[in-house]
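>>> With the input below, show me the fold.
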Amino acid sequence: MASSISTSYAQVSSQAYGSGIGADNLGNAVVGGPFNGVVSYRFRANHTGDLTSLNLFLIPNDGGYAAGSGGTIRVTINRDDGTPAHNPSSTVLGSYIISNYQNLSPSMNFPQLNFYDQAYLQEGQLYHIVFTNIDASPAYNYMSVDGLYQSNPPSSAQPTDSDFALLWSLLGMPWAVQMDLTPTVQLNYDDGWVQGNGYMEVWYDSPQEASGSSAVREVFTVSGGDKTVTSVSIRTSRAEGNDPLVVRLEDADGTVIEEGYIAASAINSGGWATDAWGSPLNYGWATYTFSSSHTLSSGQTYHVDFEATSTSTYLFFPIRKGSKFGFQNGSYFGDGHAEFKVNGGSWYGWTEWGQTNRMDGDLQFYFTLQ
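Next comes the predicted model:
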């Protein structure tokens, strides 16, 4: 093993800083099953080196998502085919066979797969993680790969990385990008570098409001060098009213660096509406562009607050970092966490699963870097 390098950076990409991920719920894709699904996670390498392992989110034994033995799943790292569609090629760089999900470690839902052969990746190149069910009876023995789901995805599944996508082939038909699904996966290089999406839960059932003296914010301490930011984007929905959303960038002591507004007309309305599974239907991205760029200094703490007058209500909910399930900083935003206050009270981290003041959830937000 080569000597470890720092992975404490928290940039989504070279152009963005923050969580940079939008999600309304979890979403799965079946590998095998009645429609003989084959799944690809497409990504662009942001590092050059040997890829040694993957951390995944699997559902191998839950009815509706899996059946029988769970199948025999071949996981391969493939080159991109170079076509405009950017589908997987037949060139395999590394592989792993899941033959018994009960033997997966550290857990069957969040395993780490160590490749038989390390796959050498080059920064800037597109690759695919391909899941194929090679079981003798894949229609009856199958499992799902799990990730994040959006009710109303933008033109690319995630605004900060148009290359990161889930492709699905059913019944031998051509590959198709699933714009509403985002993989939960961490790629581990032999020198300690990681990339991917380490968010594995969506707290859609615990929205908080920006209205009157109630507000939400992301608190963060900058790592990995100074960040010069030109705008901030937030994923939210307007529940009522037509007043603008107030955006405030602050120092740690609450000193305002800049305050501005996003017009109500620029934000999706219908905040409380959900589908049959409880997934919010009307969240979307909205952006405030700063009047001038601001440099956020490494090691310093800041807040980005979202507020509104009492005659309007905006809703927000976080996504959860998979820090307890093998995912590391570099696959999620490790510099901060989401907080809220109600009726002018104190700021607290989110409440979920009976735990208060949680520090493992982030707002769905990002800064654009200069």
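>>> From here on, just use CA atoms for contacts and neighbour counts.
Fine.
>>> residue ranges with poor pLDDT in the protein?
1-10 (pLDDT under 70).
>>> secondary structure class for the residue of it most remote from its centre?
Most distant residue from the mean C-alpha position of the chain: A136, 33.8 Å away (CA atoms, centre = their mean). Secondary structure state of A136, per DSSP: H, G, I helix; E, B strand; the rest coil, is coil.
>>> Now do it against S69, distance only.
11 Å (CA to CA, to the nearest Å).
>>> thinking again about what came up before, roughly how far apart are the residue farthest from the centre of the chain and G32?
For A136 relative to G32 (CA to CA), the value is 11 Å.
>>> Next: L58.
14 Å.
>>> What of A85?
Relative to G32, and taking CA to CA, A85 is found at 23 Å.
>>> More neighbours: the two, which one.
Each of A85 and G32 has its neighbours counted (other CA atoms under 10 Å); G32 has more, 30 against 11.
>>> Quick check: G18 touching H337?
No - using CA atoms under 8 Å, G18 makes no contact with H337, being 10.1 Å away.
>>> which residues are common contacts for L58 and G32?
M143 (CA atoms under 8 Å, 6 or more residues apart in numbering).
>>> how close does Y261 sit to D243?
For Y261, the distance to D243 equals 9 Å [CA to CA].
>>> again with V222
31 Å.
>>> Return the distance of stretch 331-338 from the chain's centre.
11 Å (CA atoms, centre = their mean, to the nearest Å).
>>> That one spans what distance, first to last residue?
For stretch 331-338, the end-to-end distance is 17 Å (CA to CA).
>>> With stretch 240-249 instead?
24 Å.
>>> And for stretch 43-55?
15 Å.
>>> Could you do stretch 330-342 as well?
32 Å.
>>> Ok, stretch 190-210 next?
Start-to-end, stretch 190-210 (CA to CA) is 44 Å.
>>> Could you do stretch 259-266 as well?
Note: stretch 259-266 ends 17 Å apart using CA to CA.
>>> ok, and for it, which residues are buried?
The neighbour-count check on stretch 259-266 (16 or more other CA atoms under 10 Å) flags 259, 261-262, 264 as buried.
>>> can you check stretch 270-284 too?
270-272, 279-284.
>>> ditto for stretch 159-173
Here stretch 159-173 shows 159-161, 163-170 as buried, counting by 16+ other CA under 10 Å.
>>> And the contacts of that stretch?
With contact meaning CA under 8 Å, 6+ apart, stretch 159-173 is reached by 12-13, 15-16, 20-21, 29, 35-44, 87, 126, 156-158, 175-179, 181-183.
>>> residue contacts, Q102?
Counting by CA under 8 Å, 6+ apart, Q102 has contacts M108.
>>> elements contacting the strand or helix carrying T91?
With elements taken from DSSP states H and E, the one containing T91 is strand 88-98. Helices and strands touching strand 88-98, by 3 or more CA pairs under 8 Å, 6 or more residues apart in numbering; DSSP states H and E, are strand 73-80, strand 112-121, strand 126-133.
>>> Same list as before, these that is, but in TSV and with mean neighbour count and distance to D205 included.
Formatted as TSV, the helices and strands packed on strand 88-98 follow (neighbours: other CA atoms under 10 Å; distance: least, CA to CA, whole Å):
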stretch	mean neighbour count	distance to D205
strand 73-80	22	33
strand 112-121	18	29
strand 126-133	24	31
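>>> got these as TSV, with distance to F325 columns?
Shown next, in TSV, are these (distance: least, CA to CA, whole Å):
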stretch	distance to F325
strand 73-80	20
strand 112-121	10
strand 126-133	20
